[in-house]
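Novice: attaching a predicted model along with its sequence, questions to come.
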Amino acid sequence: MNSAQRERFLEELFEFLKIPSVSADPAYSGEVKKAATWVAQALEKVGCQQIEIIETPGHPIVYGAIEVNPEYPTVLVYGHYDVQPPDPIDLWSKPPFEPYIQKTDIHPEGAIFARGACDDKGQMYMHIKALELMQEKGELPCNLKFMIEGEEEVGSDNLEDFVRAHTDKLKSDIILISDTGLGSVDQPAITTGLRGLSYMEVTVTGPNRDLHSGLYGGTVANPINILADMIAQLHTAEGSVNIPGFYEDVVVYSASERTAIEQAPIDDQDFKAALDLDALHGEEGYSTLERKSIRPTLDVNGIWGGYTGEGAKTVIPSQAHAKISMRLVPNQDWEKISALFESHFQSIAPAGVRVSVTTHHGGKPYVMPTDHIGYRAAHQAYEKSFGKAPVALRDGGSIPIVPMFEEVLGCKSVLMGFGLDSDAIHSPNEHFGLWNFYKGIETIPLFYESFKSLWQE
């Protein structure tokens, strides 16, 4: 990759990032379709065939394929072109859909700042540019298929139906995804595990209307007070989740396995510094790495009720609400956990309020064995590209469609991410290092070469 290519690739990515493809907001539906068209055109420019923009009940899925030899292995590349809402806008240094380069302590060569820079437009686009570089060198080592969706940030509601309806079209030997992290630039890591997810919403209802807190305070249950107390009961003093049966299926790791986990390139001091914290918090008896990878969690993602506008309004609200997510580990079933949560939350509600619990969505945990051909190919690619062997890393995030792919398509997914924890995905000032972007484009072709070589052994 020469300097002219680097400059052009960056200009193209900037053009892509300027499209506000926010899937969660219907007001942006036209922009989401515009982004799908942009991806289809980008695939066409690098030689993909059979390009389709396939409509779904939600946002479209872009498909493209290039077959070089039926005797070669086939790799299915998955990514997404939709992005998170940019709110709160006032916390961005510059408008979120006007990308720019700025140097940071972690990215001294500069980083691309924009919504979607890392999650996932920048990382997905690495694969399209990697294909371009491979085309220039001659015959591809693998057949390639691309499936790029527009609903990942809203739960991929229509993806499973699409996959089940197109198993022949999507048939492949491995799935390649870049929507995770690298570990660090000094010690690369490959994600070998993802946590599952159960996402809930709760509502506590008290009186039939908002009440004057002077006339009624002290005589009725305040839904916000009650909800805060109920949420406080969801953890023990030691930081574990206080729901009966929650840990029943959690895998217990041996001392040697826990030691291996600590090889990942994460330091507590750096972790605190990146978040401007003076202390970390979590389940007692486990390290930071373990808490964010092999242990399940419960977190409140949002809470609201009553008056939150300017000035004062003295009311006892009729309702209070919260959104709560639970990250799950291997052997935990999200539907079972959701049911346990609902039963327990209802059971701790005091008299004087009514509680409703809604399950929004969930997903299973995922593990990639390190002896799998896909992992071995990725390991070889990172080692060639970085000059250092990568370590296996369990990630704390969830990508529910990954275990679905294994169930429906019958093949594993390799998670070759190039982002960093500090890249502020889902937050204001999201960014993606220039070095990371270019390193991904250089590393991905090495994966295809290694995968073909191992496949032929």
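Specialist: Looks like it came in fine. Residues are numbered from 1 along each chain as shown.

Novice: can you give me how far stretch 212-230 is from the chain middle?
Specialist: The chain centroid and the centroid of stretch 212-230 are separated by 37 Å, computed with Cα atoms, centre = their mean, to the nearest Å.

Novice: hmm, I was thinking of stretch 281-294
Specialist: With Cα atoms, centre = their mean as the basis, stretch 281-294 stands 20 Å off its chain's centre.

Novice: Asn242 versus the nearest residue to Ala117 once chain neighbours are set aside, what's the distance?
Specialist: In space, and not counting its chain neighbours, Ala117 is closest to Phe432: 4.1 Å by Cβ to Cβ, 6 or more residues apart in numbering. C-beta here means a position set from N, CA and C on the backbone, and glycine is covered the same way. Using Cβ to Cβ, to the nearest Å, one gets 38 Å for the distance from Phe432 to Asn242.

Novice: what packs against the longest helix along the chain?
Specialist: With residue count as the measure and DSSP state H as the assignment, the chain has helix 434-455 as its longest helix. Counting contacts by 3 or more Cβ pairs under 8 Å, 6 or more residues apart in numbering; DSSP states H and E, the secondary-structure elements packed against helix 434-455 are helix 3-17, strand 111-113, helix 121-137, strand 174-177, helix 373-386.

Novice: nearest to Arg258 among the ones you listed would be which one?
Specialist: helix 373-386 (20.3 Å; Cβ to Cβ).

Novice: in that closest one, what's buried?
Specialist: 373-382, 385-386 (16 or more other Cβ atoms under 10 Å).

Novice: rewinding a little: neighbour count: Phe432 and Asn242, which is higher?
Specialist: Summary of the neighbour comparison: Phe432 and Asn242, criterion other Cβ atoms under 10 Å, with Phe432 having more neighbours (31 against 16).

Novice: regarding the more buried one, what is its secondary structure?
Specialist: The three-state label for Phe432, taken from DSSP: H, G, I helix; E, B strand; the rest coil, comes out as strand.

Novice: who's sitting farthest from the centroid in this structure?
Specialist: Farthest-out residue of the chain from its mean C-alpha position, per Cα atoms, centre = their mean: Leu215, at 47.4 Å.

Novice: pretty sure it sits in a helix.
Specialist: Yes: under the criterion used here (three-state DSSP), Leu215 sits inside a helix.

Novice: tell me the contacts of it?
Specialist: The neighbourhood of Leu215, defined by Cβ atoms under 8 Å, 6 or more residues apart in numbering, contains no residues.

Novice: one more time with 10 Å, if that's ok
Specialist: With contacts defined as Cβ atoms under 10 Å, 6 or more residues apart in numbering, Leu215 is in contact with 314, 316.

Novice: how about the one 4 residues further on?
Specialist: For Thr219, the contact set (Cβ under 10 Å, 6+ apart) comprises 207, 211, 316.

Novice: again, but for Thr74
Specialist: By Cβ under 10 Å, 6+ apart, the contact set of Thr74 is 65, 67-68, 142-145, 170-174, 411.

Novice: tell me the secondary structure at Asn301.
Specialist: Criterion first, three-state DSSP; result for Asn301: strand.

Novice: now swap in Pro57 and tell me
Specialist: With three-state DSSP as the basis, the three-state label of Pro57 is coil.

Novice: now it, nearest residue through space, not along the chain?
Specialist: Closest to Pro57 by Cβ to Cβ, 6+ apart is Asn158, at 5.5 Å.

Novice: so who does the one you found touch?
Specialist: For Asn158, the residues meeting the contact criterion (Cβ under 10 Å, 6+ apart) are 54-61, 149-151.

Novice: check the residues you listed against Glu12 and report the nearest one.
Specialist: Each of those was checked against Glu12 using Cβ to Cβ; the closest is Gly150, at 18.8 Å.

Novice: next one: that closest one, what pLDDT does it get?
Specialist: Residue-level confidence at Gly150 comes out at 97, pLDDT.

Novice: same deal with Ser213?
Specialist: Taken from the predicted model, the pLDDT recorded for Ser213 is 95.

Novice: can you show me the strands along the stretch 51-200 of the chain?
Specialist: Remark: strands assigned in the stretch 51-200 of the chain by DSSP state E, counting those that start in this stretch are 61-66, 74-80, 100-102, 111-113, 143-149, 174-177, 189-194, 196-205.
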